[in-house]
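Undergrad: output the structure for:
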Amino acid sequence: MASRFTQGRPQIITAVSSGMSRRNFLALTAGVGGTLVLGACGDGGGAAGGAGGSGGGELSVLHFEGAGQEVVPEKVLAAFRTAHPDLKIKTLIGGSRYPEVISAYKASGTALTNTGLFTAQAMAQGAGIDMFRPLTGADVPRAGSADQAYRHFGDAGVPFNTNLVGLVHRTDLADPPTSWLDLLNPAYRGKVGLYDAPQGILIGGLWAVNKALGGDPETLDEGFKAFAEAAKAGQFSTVYNSNQTQFDALSRGNAVLGVSILAAQSNWAAQGAKIGYVVPKEGQLAIPLYLAVVKGGGAEQEKLAIELVNELLKPENVGAYNDNTFAGAVYPDLPAAKDKPEVSALSAEAMANVLQVDWKRFAAVEPKLVERWNRDVKGNLR
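TA: Numbering: from 1, shown residues only. Down below sits the predicted model:
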């Protein structure tokens, strides 16, 4: 591709709408893969009810919807209802429910959901208050075959899959980036978009830039210094706080480079958006998803929750979920990019080179990191 850079800066062409419908986009933003960009709420606002007898009672389950995320959970839950006709199953929808689930348990040991899908960040927060029932090999035999790189929480949660975070760019406005450090490249000055904190620490690229610069993984000093200097120099054009506002910035050409989730970009591209995804040479960032059982329910609820975890974890279910949501596989019997060989981000080579966050450590220091972000990065924006 011929370079579109002019005197060290990208040539900016007037942006046009991608044609993506708002309805389709809002479906995507309802908690893409359960990532840090949290999404829509659903029913089930009360505590999970008691369960008793032969399969009767109530079970509360948290999962996501939009952009194919609901397909597998709804299918599995339908079969589960058939197998347990006297059981009432309530669902909590979207990652925006995590704060209330964690707060309720912390305050009174109340389980607002008995089981479901949890992001690594929610797992770290819940593990910090001993919220999850350990799931041993006897409970979930398949758990032991997961890639050990994703066993961040021991028996507290069973790895399900991983979302992947890389660089996104307007394919018609500038040449593709190759490195996380391109977020700081003067060639893109004034056209780099940023996720605001708390998402911005990870999905804004600061964590990965810090790692690329050899910075401390807890203080992120090198990343903060680099982003602060870039902010002063006018590197960043816009700050957004959702998939929707990021898409808008890229569509308008306010930003031609940023960081996003593979699932988001794949759905944008499927709708005709001229937004490409690049696997940085240093590796993509892994944002894993876990199955877990929340303490605080009765013995029968825990038994049913574990049964449901095993159903969701069957290879055919995890594989279908991965295919529907462009998620990376974390089990060896689910080959990467099984049905998507054209998606290089899901190749075996790319998956072997992902960057792993120390989620427990990150959760412990995140409030200080957000405070520093507001001061050193946002406070220096031009």
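Undergrad: wasn't Gly166 part of a strand?
TA: Yes - counting by DSSP: H, G, I helix; E, B strand; the rest coil, Gly166 is located in a strand.
Undergrad: what's the pLDDT at the closest residue to it other than its chain neighbours?
TA: Once flanking residues are discounted, Gly166 sits nearest to Gln284: 4.7 Å by C-beta to C-beta, 6 or more residues apart in numbering. Every residue, glycine included, has its C-beta placed from N, CA and C. As predicted, Gln284 sits at a pLDDT of 98.
Undergrad: and Asn324, how many neighbours?
TA: Residues near Asn324, counting by other C-beta atoms under 10 Å, number 15.
Undergrad: contacts only, for Leu167.
TA: Leu167 sits next to Pro176, Pro177, Trp180, Asp182, Leu183, Gly205, Leu257, Gly258, Val259, Tyr277, Val278, Pro280 when contact means C-beta atoms under 8 Å, 6 or more residues apart in numbering.
Undergrad: beta partners for it?
TA: Counting by DSSP bridges, Leu167 is bridged to Val259, Val278.
Undergrad: got the confidence number for it?
TA: 98.
Undergrad: just to revisit the earlier point, just the buried subset of the contacts of Leu167, please.
TA: For those, a burial check counting by 16 or more other C-beta atoms under 10 Å picks out Pro177, Trp180, Asp182, Leu183, Gly205, Leu257, Gly258, Val259, Tyr277, Val278, Pro280.
Undergrad: quick one, what contacts Gly166?
TA: Gly166 sits in contact with Val259, Ser260, Leu262, Tyr277, Val278, Val279, Pro280, Gln284, Leu285, Ala345, where contact means C-beta under 8 Å, 6+ apart.
Undergrad: so what's Asn254 closest to, chain neighbours aside?
TA: That would be Thr238: by C-beta to C-beta, 6+ apart, it lies 4.9 Å from Asn254.
Undergrad: am I right that the one you found falls within a helix?
TA: No - going by three-state DSSP, the assignment for Thr238 is strand, not a helix.
Undergrad: distance of the residue nearest to Gly166 from Gly319?
TA: Per C-beta to C-beta, to the nearest Å, Gln284 is found 20 Å from Gly319.
Undergrad: neighbour count winner among these two?
TA: Between Gln284 and Gly319, counting by other C-beta under 10 Å, Gln284 is the more crowded of the two (27 against 19).
Undergrad: what sits against the more buried one?
TA: Leu164, Val165, Gly166, Leu262, Ala345, Ala350, Asn353, Val354, Leu355.
Undergrad: rerun at 7 Å
TA: Counting by C-beta atoms under 7 Å, 6 or more residues apart in numbering, Gln284 touches Leu164, Val165, Gly166, Ala345, Ala350, Val354, Leu355.
Undergrad: list the contacts of the second one.
TA: If I follow you right, that is Val165. With C-beta under 7 Å, 6+ apart, Val165 has these contacts: Ile203, Val259, Ile261, Gln284, Leu285, Ile287.
Undergrad: quick one, domains of this structure?
TA: Domain ranges of the chain: 34-162+286-346, 164-285+359-380, per automatic domain parsing.
Undergrad: I'd say the residue nearest to Asn254 and Gly193 touch.
TA: Yes - with contact defined as C-beta atoms under 7 Å, Thr238 counts as touching Gly193 (5.0 Å).
Undergrad: who has more neighbours, the two?
TA: The neighbour count for Thr238 versus Gly193, taken as other C-beta under 10 Å, is higher for Gly193 (24 against 19).
Undergrad: if we can go back for a sec, can you pull the phi/psi pair for the residue nearest to Gly166?
TA: phi -80, psi 160 (degrees, to the nearest 10).
Undergrad: likewise for Phe118?
TA: For Phe118, the backbone dihedrals (degrees, to the nearest 10) come out as phi -130, psi 140.
Undergrad: so how far is Leu59 from it?
TA: Phe118 is 16 Å from Leu59, where distance means C-beta to C-beta.
Undergrad: what about those two, which has more around it?
TA: Per other C-beta under 10 Å, whichever of Phe118 and Leu59 has more neighbours is Phe118, with 31 against 27.
Undergrad: give the contact list for the closest residue to Gly204 other than its chain neighbours.
TA: Once flanking residues are discounted, Gly204 sits nearest to Tyr195: 4.2 Å by C-beta to C-beta, 6+ apart. Residues counted as contacts of Tyr195 (C-beta under 7 Å, 6+ apart) are Ile203, Gly204, Tyr240, Asn241, Gln246, Val259.
Undergrad: try Phe160
TA: So Phe160 contacts Leu117, Leu289, Tyr290, Leu291, Val318 (C-beta under 7 Å, 6+ apart).
Undergrad: and the pLDDT at it?
TA: 98.
Undergrad: can you give me phi and psi for it?
TA: Per degrees, to the nearest 10, the backbone of Phe160 is at phi -110, psi -60.
Undergrad: what ranges do the strands span in the stretch 1-150 of the chain?
TA: 5-6, 9-10, 57-63, 87-93, 115-119 (DSSP state E, counting those that start in this stretch).
Undergrad: if we can go back for a sec, widest-spaced pair of the contacts of Phe160?
TA: Tyr290 and Val318 (12.1 Å; C-beta to C-beta).
Undergrad: so how far is Ala269 from Ile275?
TA: Per C-beta to C-beta, Ile275 is found 6 Å from Ala269.
Undergrad: ok, the two, which is more surrounded?
TA: Taking other C-beta under 10 Å, Ile275 and Ala269 do not tie; Ile275 has more neighbours (26 against 17).
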